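Asks: Please work out how this folds:
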Amino acid sequence: MLTTNADGHPWYSRMHAPGEEKRMPVFLPQEDYKAWLTCSTDEAGAFIRQFPAELLLGEPAPAPWKPLPEPNEWEQEPDMFTEEWREAADDPTARELSAKRSRPKSKKPKADDSPGPVTGDLF
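Replies: Okay, the predicted model is just below:
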């Protein structure tokens, strides 16, 4: 990303802490694409300039999200998994063993002794 000095720019000069260098991205208008791609390195500097603030659109960022407290009625509901999650939280090994016990064992397929189809049998 190309950037340029943002000193004096109405928007971008305010986006950095005091004392830090003020930088902003270089915006290239669509009508300048071809000229930018075909210009010499000596001519390229003419495209690196501040973009006019009047052509930018902006709005304040939304307020930070704050988690809501849990409803009071949630405290009254019993947690039917309390014992399971407490055991898992206290002893990770118990959680692994419990998961292994509840997982069904996979059956290995029996070896098929019959020969496979001949190419001519497929069509």
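Asks: Give me the neighbour count for residue 45.
Replies: 9 (other C-beta atoms under 10 Å). All C-beta spots, glycine's among them, are computed from the backbone N, C-alpha and C.
Asks: Could you check how far it is from residue 31?
Replies: With distances taken as C-beta to C-beta, to the nearest Å, residue 45 is found 18 Å from residue 31.
Asks: and if you look at residue 19?
Replies: Note on residue 19: its distance to residue 31, by C-beta to C-beta, is 37 Å.
Asks: cool, residue 14 as well?
Replies: Separation of residue 14 from residue 31 (C-beta to C-beta): 29 Å.
Asks: And for residue 22?
Replies: Distance, residue 22 to residue 31, by C-beta to C-beta: 27 Å.
Asks: Among the two, which residue is more densely surrounded?
Replies: residue 22 (17 against 7).
Asks: Can you tell me the closest non-neighbouring residue to the more buried one?
Replies: residue 6 (4.0 Å; C-beta to C-beta, 6 or more residues apart in numbering).
Asks: burial measure for that neighbour, as a count.
Replies: Neighbours of residue 6 under the rule other C-beta under 10 Å: 20.
Asks: cool, residue 70 as well?
Replies: For residue 70, the neighbour count with other C-beta under 10 Å is 8.
Asks: Please give the element, helix or strand, for it.
Replies: Counting by DSSP states H and E, there is no helix or strand that carries residue 70.
Asks: For it, give me the pLDDT.
Replies: On the pLDDT scale, residue 70 is placed at 74.
Asks: go on, residue 92?
Replies: Per-residue confidence (pLDDT) for residue 92: 66.
Asks: Give me the contacts around stretch 39-55.
Replies: With C-beta atoms under 8 Å, 6 or more residues apart in numbering as the test, stretch 39-55 has contacts from 2, 4-6, 9-12, 24, 26-28, 32, 35-36.
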